[in-house]
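1. sequence unavailable; structure follows:
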């Protein structure tokens, strides 16, 4: 056996306990949660099976259905907004502007914050009695209104605004790294042909950034499914159910209403949502790998 294979085998054996614990904890807790979703567990786990009663109760709940609708709206606008704004910021920095490092740090800084901090910042800014509305009215513009966090129709868009402000920096970094990896000859050829700069980015640069932007979009989508912190910090699910999301519904039933069976049923649905979100991306990456191997 070669020295390299011996080293790989030794590393694999050394990591086996860690892998075993990680898999056992992850798979074990997930299986336990799925099992509890078929019981009538309340404050404590129960062994009395009730079939799909918890799932029937879950999908007959107006609050749960509202949370699914809200997370869908938030997810689509959040991911699309982050991708668009992140790409535009990357394109601006790619022009080798002055103080690029400073701007890159400023644009990326919000991503270093937790969603709780982001939520509190935007909750204060959009609070009609303390934030932007109060400041503008104090300057004499009495008819100015920016009350999104207390407006049922606009509260979900306030969450989107705060989320895009935080997440666009991640897309910017990934897209900028991809842009810097594109050969300079392509730029020279495009300039010789007289192609406008915006058209170069849209027709030449953007298609080459497809895998990078897809990876960024997947990371953002994974965050959408478990959205909780920013909702609690900004609106706590209100006004009414206007910003209720599945993760908050689960936590409320788990700790607030002591309904363990209903909470685990919601958690199981979320796990299926993660699988549905990840599976197409993983399949596309697998097929891409096979195509490269065949070539």
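-> Cool, got the structure. Note that the structure is a prediction, hence the values are computed from the model and not measured.
2. and the strand or helix carrying residue 289, what does it pack against?
-> Assigned by DSSP states H and E, residue 289 falls within helix 260-294. Applying 3 or more C-beta pairs under 8 Å, 6 or more residues apart in numbering; DSSP states H and E, one finds that helix 260-294 contacts helix 3-36, helix 53-59, helix 210-225, helix 246-251. The way it works is simple: take the backbone N, C-alpha and C, and place the C-beta from them, glycine included.
3. any residues touching the shortest one, and which ones?
-> What it means is helix 246-251. Residues from elsewhere that reach helix 246-251 (C-beta atoms under 8 Å, 6 or more residues apart in numbering): 63-64, 67-68, 71, 225-228, 231-232, 237, 263, 266-267, 269-270, 273.
4. if we use 7 Å, what do you get?
-> 63-64, 67-68, 71, 226-228, 231-232, 237, 263, 266-267, 270 (C-beta atoms under 7 Å, 6 or more residues apart in numbering).
5. pick the most buried one from the helices and strands packed on helix 260-294.
-> helix 246-251 (a mean of 22; mean count of other C-beta atoms under 10 Å).
6. chain center to that one, what's the gap?
-> 16 Å (C-alpha atoms, centre = their mean, to the nearest Å).
7. burial of residue 48, as a residue count?
-> 9 (other C-beta atoms under 10 Å).
8. for the nearest residue to it once chain neighbours are set aside, which residues are in contact?
-> Closest residue to residue 48 apart from its sequence neighbours, by C-beta to C-beta, 6 or more residues apart in numbering: residue 40 at 5.2 Å. Shown in contact with residue 40 (C-beta under 7 Å, 6+ apart): 46, 48, 50, 261.
9. closest one of those residues to residue 291?
-> residue 261 (45.5 Å; C-beta to C-beta).
10. now the closest one: how far from residue 58?
-> 10 Å (C-beta to C-beta, to the nearest Å).
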